[in-house]
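>>> got a predicted structure here, sequence first:
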Amino acid sequence: MVITVCGLFPAGDTNAQDATIEFAVFKVGFIVGAGGGTGTLTYQGKSYPLRVGGVSLGATIGASRAELVGNVYNLSKPEDIEGTYTAAAGSAVLAGGGSVANLQNSKGVSLSVSGRSIGLEFSLNLSGLRISLR
């Protein structure tokens, strides 16, 4: 899933980052897009493997891959990373193949990630990103 939605909230503006995250996600679609991938959460010196997935509805055509890295805020324990993430606010950012996203789950965990997108995709949709521990 290519994440090209940027939330404009100050992720962890009063708190230092709690962890880091990196993941690669593949997306393919025609009208309905489906994606999946893997990643790693690094929290208190330990690495936790992740499974990443999601579905987007809207005008989606093409296939792509996104490689993203970033910071995690408001994480109390590794299990809190799990959940569905949505954009905290709705703006689109895609510059030179790069993606930036600020996402949050229902537990209040925030991700501030950036990276690059590879592939050909036109997408005008609302995307959800599901993260779980493997």
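That came in fine, so what should we check first? Residues are numbered from 1 along each chain as shown.
>>> assumed Glu79 was part of a helix.
Yes. According to DSSP: H, G, I helix; E, B strand; the rest coil, Glu79 belongs to a helix.
>>> Leu50 contacts Phe23, correct?
Yes. The pair Leu50 and Phe23 qualifies as a contact (Cβ atoms under 8 Å) at a distance of 6.2 Å. Using the backbone N, CA and C atoms, a C-beta is placed for each residue, glycine as well.
>>> got any residues that touch both of those two?
Residues touching both Leu50 and Phe23 by Cβ atoms under 8 Å, 6 or more residues apart in numbering: 38-40, 131.
>>> now restrict these to buried residues only.
Among those, those buried by neighbour count (16 or more other Cβ atoms under 10 Å) are 39, 131.
>>> which one of the shared contacts of Leu50 and Phe23 is nearest to Ser117?
Gly39 (15.5 Å; Cβ to Cβ).
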